[in-house]
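Asker: sharing a sequence plus its predicted fold:
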Amino acid sequence: MADDLRKGLEGVLVAESELSSIDGDAGRLIYRGYSIEELAEGASYEEVVYLLWHGRLPTEDELESFVESINEEREVSEDVLATMERLAAADEEPMAALRTAVSMFSASEPEGDADPDDLEAALRKGRRITAKVPTALAAFERYRLGEEPVDPHPDLGLAANFLYMLSGEAPDEVAAETFDQALILHADHGLNASTFTSMVIGSTKADIYSAVTGGVAALSGPLHGGANQDVMEVLFEIDESGLDPLEWVEQATEEGRRIPGFGHRVYNVKDPRAKILQRRSEELAETGESKWYDITTTIEEYLTDEKGLVEKGIAPNVDFYSGSVYYQLGIPIDMYTPIFAMSRVGGWVGHVLEYQEDNRLIRPRARYTGAEDEEFVPVDER
Ligand SMILES: CC(=O)SCCNC(=O)CCNC(=O)[C@H](O)C(C)(C)COP(=O)(O)OP(=O)(O)OC[C@H]1O[C@@H](n2cnc3c(N)ncnc32)[C@H](O)[C@@H]1OP(=O)(O)O
Ligand SMILES: O=C([O-])CC(=O)C(=O)O
């Protein structure tokens with residue numbers, strides 16, 4: 001058995017997957033062979049989820065019935081709503097509320113505890129989770145505002161409907177398209193920490209609700225999905241500091257601060273999704289507030305040109321520009337990471353089921369560095 005220790009499992013191959021592939025040196029991302037740029041431009045989030053789950057793009061009819069099958073499952077139980085209301089009143093973090101909601105969804109699962117080897121049933125459950133996450137999240141936000149939840153809109157797709165359920169108003173075309181694109185960009189990304197977490201849970205043949213709940217938990221950390229909120233916090237900090245963004249970033253790097261939204265385990269160059277989101281942020285800045293876009297580009301230029309971070313392989317990741325996009329869409333900051341989760345459900349479900357087709361319990365080991373041959377002394381003699 002190999003004894004080399006790969007901390008953080010960096011570069012370790014643990015599975016084969018047909019879902020997505022990242023070329024970290026070229027800055028290229030594909031979902032099942034299709035470039036992220038083309039999918040972001042031409043597909044909808046539901047289309048991409050279909051692609052991830054079924055291995056090919058849907059026909060028009062297939063897409064229509066897939067969207068319908070998601071829309072039919074969007075309602076959440078009264079128990080979930082009541083819990084969202086209580087958690088909102090208790091000022092709970094949205095990611096924690098979402099984690100709780102996903103865990104609760106299983107209580108109203110119409111197929112009950114299906115056979116763990118029934119992957120078709122698991123996929124239907126995954127579809128129910130995908131459908132319900134936006135409803136639970138939007139309800140949580142409405143309760144926080146002291147408002148009643150808004151029922152899902154029968155004619156809107158997942159992205160537009162989420163914005164509708166947040167505000168009670170149907171979004172304009174630009175907002176709906178931008179948000180849909182953001183969901184596509186976040187849908188899958190190889191064996192990132194949250195996807196791997198879901199796969200580990202799935203590999204024990206625990207159900208898909210458990211696997212997705214674990215995915216939400218893993219995504220919440222600042223080294224992973226939590227970074228998009230941190231980027232916006234940094235932009236606020238800069239704005240409130242009264243410093244020129246350039247001065248701020250000089251000072252911050254001198255203090256050795258890590259800039260959220262920079263660096264990635266796989267990319268050594270700028271993340272292709274950051275490029276797309278940067279363009280969206282720029283477009284929104286043209287008709288709205290340009291401050292946030294300006295600050296982010298100043299930081300990026302400084303870290304690239306002056307600090308040479310990009311030469312060291314530390315470049316903007318997907319989280320760097322998503323914050324300013326969401327902010328301009330009027331989405332509350334602490335919903336950014338839950339939105340990431342809302343999209344990544346597609347990838348989590350896809351990877352868990354793909355792995356289970358040829359399942360092997362995931363169980364690595366640690367090199368033991370503790371004591372040997374200690375003599376046990378009973379507690380009353382210690
Ligand atoms: C959706 C996502 O999950 S994308 C990632 C979101 N997370 C962030 O944006 C948080 C900021 N970034 C980071 O903390 C890291 O880049 C990670 C966690 C994403 C990747 O980490 P790892 O691959 O483990 O790299 P690691 O943390 O070992 O850093 C390697 C080197 O790059 C430096 N570095 C990494 N990220 C940054 C950063 N954002 N700013 C400044 N320096 C950085 C580290 O200081 C380290 O330098 P050293 O070797 O001189 O000590
Ligand atoms: O791949 C990773 O390590 C992080 C991630 O989920 C992403 O970039 O979308």
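Answerer: Sure thing, it's come through. Ligands and ions are numbered 1, 2, ... in the order given.

Asker: contact partners for whichever residue of the stretch 251-382 of the chain sits closest to ligand 1?
Answerer: The nearest approach of the stretch 251-382 of the chain to ligand 1 comes at Gly263, 2.1 Å away (C-beta to the nearest ligand atom). The way it works is simple: take the backbone N, C-alpha and C, and place the C-beta from them, glycine included. Residues in contact with Gly263 (C-beta atoms under 8 Å, 6 or more residues apart in numbering) are Ile314, Ala315, Asn317.

Asker: among these, which one lies nearest to Gly323?
Answerer: Proximity to Gly323 was ranked across those by C-beta to C-beta; first place goes to Asn317, at 11.8 Å.

Asker: look up phi and psi at the closest one.
Answerer: Main-chain torsions, Asn317, degrees, to the nearest 10: phi -100, psi -180.

Asker: and if you look at Asp23?
Answerer: For Asp23, the backbone dihedrals (degrees, to the nearest 10) come out as phi -100, psi 100.

Asker: burial count for it?
Answerer: Neighbour count of Asp23, defined by other C-beta atoms under 10 Å: 14.

Asker: point out where the stretch 51-200 of the chain drops to low pLDDT.
Answerer: Along the stretch 51-200 of the chain, segments meeting pLDDT under 70 are nowhere present.

Asker: wait, what's in contact with the residue in it that ligand 1 sits nearest to?
Answerer: For the stretch 51-200 of the chain and ligand 1, the shortest gap (C-beta to the nearest ligand atom) falls at Asn192, measuring 6.1 Å. Asn192 is in contact with His224, Arg265, counting by C-beta under 8 Å, 6+ apart.

Asker: what are the ranges of the helices in the stretch 201-350 of the chain?
Answerer: With DSSP state H, counting those that start in this stretch as the criterion, the stretch 201-350 of the chain has helices at 208-219, 227-241, 245-254, 272-287, 291-301, 318-328, 336-356.

Asker: what's the closest of those helices to Asp188?
Answerer: Of all the helices of the stretch 201-350 of the chain, helix 336-356 sits nearest to Asp188, with 3.4 Å by C-beta to C-beta.

Asker: just want the angle from the closest one to helix 318-328.
Answerer: 130 degrees (axes from the mean of the first three to the mean of the last three C-alpha atoms, to 10 degrees).

Asker: what's the angle from helix 336-356 to helix 227-241?
Answerer: Following the same axes, to 10 degrees, one obtains 160 degrees for the angle between helix 336-356 and helix 227-241.

Asker: quick one, phi/psi of Leu29?
Answerer: Torsion angles at Leu29 (phi, psi; degrees, to the nearest 10) stand at phi -130, psi 130.

Asker: before we move on, what's the pLDDT of it?
Answerer: On pLDDT, Leu29 comes in at 98.

Asker: next: the one 4 residues further on.
Answerer: Predicted confidence (pLDDT) for Gly33: 98.

Asker: before we move on, what about Ala2?
Answerer: Reading off the model, Ala2 has pLDDT 68.

Asker: which residues touch Arg265?
Answerer: Gly8, Glu10, Asn192.

Asker: contacts only, for the residue nearest the centre of the chain.
Answerer: By C-alpha atoms, centre = their mean, the chain has its centre lying nearest to Phe340, at 3.0 Å. Neighbouring residues of Phe340 by C-beta under 8 Å, 6+ apart: His186, Leu219, Gly225, Asn228, Ser322.

Asker: can you rerun that using 10 Å?
Answerer: 95, 182-183, 185-186, 194, 216, 219-220, 224-229, 318-319, 322, 326 (C-beta atoms under 10 Å, 6 or more residues apart in numbering).
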